[in-house]
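Novice: test case, fold it:
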Amino acid sequence: MTSASSNPPTSAELPQIKSPADLKALSLDQLPALAEKIRRDLIETLAETGGHLGPNLGVVELSIAMHRVFDTPKDKFVFDVAHQAYVHKMLTGRWDKIHTIRQFEGLNGFCLRSESEHDCYGAGHAGTAMSAALGMAAGRDLKGTDENVVVVAGDAAFTCGPTFEALNNVAAHTKKFIVVLNDNEWSIDKNVGAIAKYFNAIATNPAYASLHQKAAAFVEKVVGKAVRHMAGKVEESAKGLVLAASKQPAPTSSVIFEEFGFRYYGPIDGHDLPLLIKTFEFLKNQTEPVLLHIITEKGRGYKPALEDPGKFHGLGKYNIETGEVQSTATPTYSQIFARSVTDFAKDDEKIVAITAAMPGGTGLSVFKKELPERYYDVGIAEEHAALFACGLATQGLRPFLTIYSTFMQRAYDMIIHDMAIQSLPVRMCMDRGGLSGDDGPTHHGLFDIAYLRPVPGLVHMQAKDEDEFVDMLWTMANYEKGPIAIRYPRGSGTGAKPKEKPVLLEIGKAEIVADGTDVALIGLGSMFEMAEAAKKQLEAQGLSVALINPRWIKPLDTAVIETFARKVTVICTFEDHVLHNGFGCSVMEHLNEARIPTPVVRVGWPDEFVEHGNVPALRKKHGLTAEAAVAKVLTALGRSA
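Specialist: Next up, the predicted model:
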């Protein structure tokens with residue numbers, strides 16, 4: 001490789017990178033300019049589209065080094081979560097499409113097997129990479145092939161149970177396996193717990209200081225050696241490699257990885273390209289499981305992202321100069337939730353709040369700041385969070401378990417086995433209940449009605465606006481008979497201002513907004529506005545239209561449903577959820593059991609994984625509009641639109 005010249009090339013002089021082969025054709029002294037160009041393009045592009053800026057700025061050199069040394073798609077890169085794979089996409093033939101990231105019909109914000117042969121595994125949730133990659137390695141061994149399997153996992157992934165379950169099996173199932181521990185001390189928010197402290201102890205121990213020798217010379221020197229004890233004060237200008245059998249006392253040694261059968265290397269500087277390249281050239285020839293611990297800087301190269309890593313983990317459009325994001329005209333549901341529960345807790349010492357590494361996304365940063373002694377961030381550990389909430393409930397406390405709808409799927413066994421069977425009053429607050437737009441299928445909250453509806457004794461609800469939302473939260477705070485859940489959408493609602501003092505709602509009692517004799521429209525939660533719009537269009541055609549705000553998914557207000565089913569010709573339900581086993585299904589099931597033949601047409605998401613994109617475009621494509629609802633109703637009535 002060519003050594004760095006006195007006048008290194010600028011990014012403007014670089015050839016276009018259309019594949020990993022183009023990257024491999026560059027000289028070593030061209031790579032810093034490539035890293036600079038990638039960062040500049042990411043900052044400029046995501047200012048217009050939004051996205052996961054901070055994580056990707058932190059893995060630029062890592063991504064370059066991996067594609068320099070390994071050969072995808074033959075070699076397999078498995079990213080945990082995969083929100084940090086934008087650079088990987090740019091280097092594998094998608095640079096010219098990076099401006100479409102997370103846009104309707106554009107690049108997905110995560111790895112997607114159907115998008116590129118270089119994306120060997122899709123993901124969006126944490127803790128999946130280690131197990132999936134181990135399966136790939138075991139499959140490779142059975143087939144007798146020789147490709148490398150490389151896991152890229154942030155330190156937050158090591159707070160996930162599945163990661164440790166996989167670690168426990170690696171040595172038993174394969175010999176050739178590479179894990180890159182990308183340690184930036186952040187998942188979405190600052191990492192918490194013993195594992196985070198463990199990694200910090202490794203990274204800050206003076207025994208793991210830099211080597212005086214250059215990286216290449218060091219790698220040559222240690223090849224074939226099993227043990228090297230690093231100690232003493234050495235230069236700070238370069239990070240060193242440390243082999244697994246360090247003699248440092250726990251917890252500052254790598255003993256945890258040794259016990260899992262890994263050879264540990266690191267920590268090293270994750271932004272030192274020559275060192276990363278030399279290290280990967282060494283590691284890819286090892287015939288035992290190895291773990292490389294790198295230290296990176298989330299948001300590197302962009303001052304606003306360095307100053308506020310949590311904000312720039314994932315955000316919307318921003319001003320490049322200041323990093324400011326345009327605020328919404330009305331508070332979001334997340335903000336209203338956090339403010340309300342925090343205020344409730346100030347008057348009720350039994351209220352506690354739990355999040356799984358999402359204080360920013362859920363809004364609970366407010367609770368954390370104002371009531372830190374009753375705030376719990378358990379890391380990316382939803383199963384533990386649910387069980388922890390159950391334990392708190394047994395002590396007479398009132399836990400608000402705040403987890404996105406899509407992530408609550410991971411705690412389903414706990415909802416049944418621990419909450420419901422024992423009738424423990426855990427309050428499940430499921431943010432992003434409904435379409436999550438540009439985040440795509442791994443993050444859409446379109447299944448929670450289906451998976452909670454069969455659970456005996458569980459209460460589930462969704463508000464039509466912000467005022468009713470606060471009333472529901474207040475009702476949850478005062479409910480003690482068993483588990484109770486609320487789903488609410490991403491972003492803002494109608495702008496309805498909550499009343500000064502919330503009121504208790506009657507469990508299972510719907511709100512009749514308007515009476516009618518031809519059609520009854522039942523609009524659940526955020527879809528109530530669509531039902532209102534459909535009502536106006538149907539009335540313009542001379543129909544008498546009832547409008548119902550159901551409020552309760554479970555228990556269903558069967559009395560109201562039966563009353564209107566007996567006097568209208570058609571019922572139409574609206575839900576921001578898949579139609580299969582959704583809210584509309586519950587209406588149909590009840591009418592069938594009651595032997596009421598009134599037809600029910602439903603507006604909701606189809607039986608497929610909905611792609612990413614802006615919400616209006618996706619609703620139009622999949623028929624979730626007032627116009628589509630009107631057409632369905634008119635067809636059921638035997639009338640033309």
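Novice: residues of stretch 474-494 that come out buried?
Specialist: Within stretch 474-494, the residues that count as buried by 16 or more other CB atoms under 10 Å are 474-477, 479, 482-493. For glycine as for every other residue, the C-beta is placed from the backbone atoms N, C-alpha and C.
Novice: any idea of the mean pLDDT for it?
Specialist: For stretch 474-494, mean pLDDT rounds to 97.
Novice: what separates it from the chain centre, distance-wise?
Specialist: Averaged C-alpha coordinates place stretch 474-494 at 21 Å from its chain's average position (CA atoms, centre = their mean, to the nearest Å).
Novice: could you do stretch 270-282 as well?
Specialist: Its chain's C-alpha centre and that of stretch 270-282 lie 29 Å apart, by CA atoms, centre = their mean.
Novice: would you mark the buried spots in that stretch?
Specialist: 270, 271, 272, 273, 274, 275, 276, 277, 278, 279, 280, 282.
Novice: which residue ranges of the stretch 501-641 of the chain form strands?
Specialist: Using DSSP state E, counting those that start in this stretch, the strands of the stretch 501-641 of the chain run over 511-514, 519-523, 545-549, 552-554, 570-578, 600-605.
Novice: and the ones you listed, which is most packed in?
Specialist: Highest mean neighbour count of the strands of the stretch 501-641 of the chain: strand 519-523, a mean of 28 (counted as mean count of other CB atoms under 10 Å).
Novice: strand partners (parallel or antiparallel) of it?
Specialist: Here strand 519-523 has these sheet partners by DSSP bridges: strand 545-549 (parallel), strand 570-578 (parallel).
Novice: nearest to residue 352, out of the ones you listed?
Specialist: Between residue 352 and the strands paired with strand 519-523, the tightest spacing by CB to CB is seen for strand 570-578, at 28.8 Å.
Novice: how far away from the center of its chain is the closest one?
Specialist: Taking CA atoms, centre = their mean, one finds strand 570-578 lying 27 Å from the centre of the chain it belongs to.
Novice: with stretch 294-302 instead?
Specialist: Worked out by CA atoms, centre = their mean, stretch 294-302 lies 20 Å from the chain centre.
Novice: start to end distance for it?
Specialist: From its first residue to its last, stretch 294-302 covers 20 Å (CA to CA, to the nearest Å).
Novice: and the contacts of that stretch?
Specialist: With contact meaning CB atoms under 8 Å, 6 or more residues apart in numbering, stretch 294-302 is reached by 36, 39, 43, 53-55, 57-60, 62, 180-186, 203, 239, 266-271, 276, 305-306, 309, 312-313, 323.
Novice: tell me how many other residues crowd residue 143.
Specialist: Number of residues near residue 143 (other CB atoms under 10 Å) recorded here: 9.
Novice: over to the one 4 residues further on?
Specialist: When counting by other CB under 10 Å, one arrives at 18 neighbours for residue 147.
Novice: assign it to helix, strand or coil.
Specialist: With DSSP: H, G, I helix; E, B strand; the rest coil as the basis, residue 147 sits in coil.
Novice: I'd assumed residue 72 was in contact with it.
Specialist: No: under the criterion of CB atoms under 8 Å, residue 147 is not in contact with residue 72, lying 9.4 Å apart.
Novice: what about the strands in the stretch 151-300 of the chain?
Specialist: Secondary structure of the stretch 151-300 of the chain (DSSP E, counting those that start in this stretch): strands located at 177-183, 263-269, 289-295.
Novice: so which of the ones you listed is the most surrounded?
Specialist: strand 177-183 (a mean of 26).
Novice: for that one, the averaged confidence score.
Specialist: Here strand 177-183 scores 96 as its mean pLDDT.
Novice: and if you look at stretch 347-364?
Specialist: Average pLDDT, stretch 347-364: 96.
Novice: farthest pair in the buried residues of stretch 270-282?
Specialist: Based on CB to CB, the longest span within those runs between 271 and 282 and measures 18.6 Å.
Novice: what about this structure, any weak spots by pLDDT?
Specialist: Counting by pLDDT under 70, the chain contains low-confidence residues at 1-12, 185-255, 641.
Novice: I'd like the next helix or strand past the helix ranked longest in the chain.
Specialist: Longest among the helix segments of the chain by residue count, using DSSP state H, is helix 31-49. Downstream of helix 31-49, the next assigned helix or strand under DSSP states H and E is helix 53-57.
Novice: what about that next one, distance to the chain center?
Specialist: The chain centroid and the centroid of helix 53-57 are separated by 15 Å, computed with CA atoms, centre = their mean.
Novice: now the element after it, going C-ward?
Specialist: As assigned by DSSP H and E, the chain's next helix or strand after helix 53-57 is helix 60-69.
Novice: centre of the chain versus that next one, how much separation?
Specialist: Chain-centre distance of helix 60-69: 24 Å, with CA atoms, centre = their mean.
Novice: can you name every helix or strand that it contacts?
Specialist: Applying 3 or more CB pairs under 8 Å, 6 or more residues apart in numbering; DSSP states H and E, we find helix 60-69 packed against helix 20-25, helix 31-49, helix 86-89, strand 149-154, strand 177-183, helix 273-283.
Novice: thanks a lot, see you next time.
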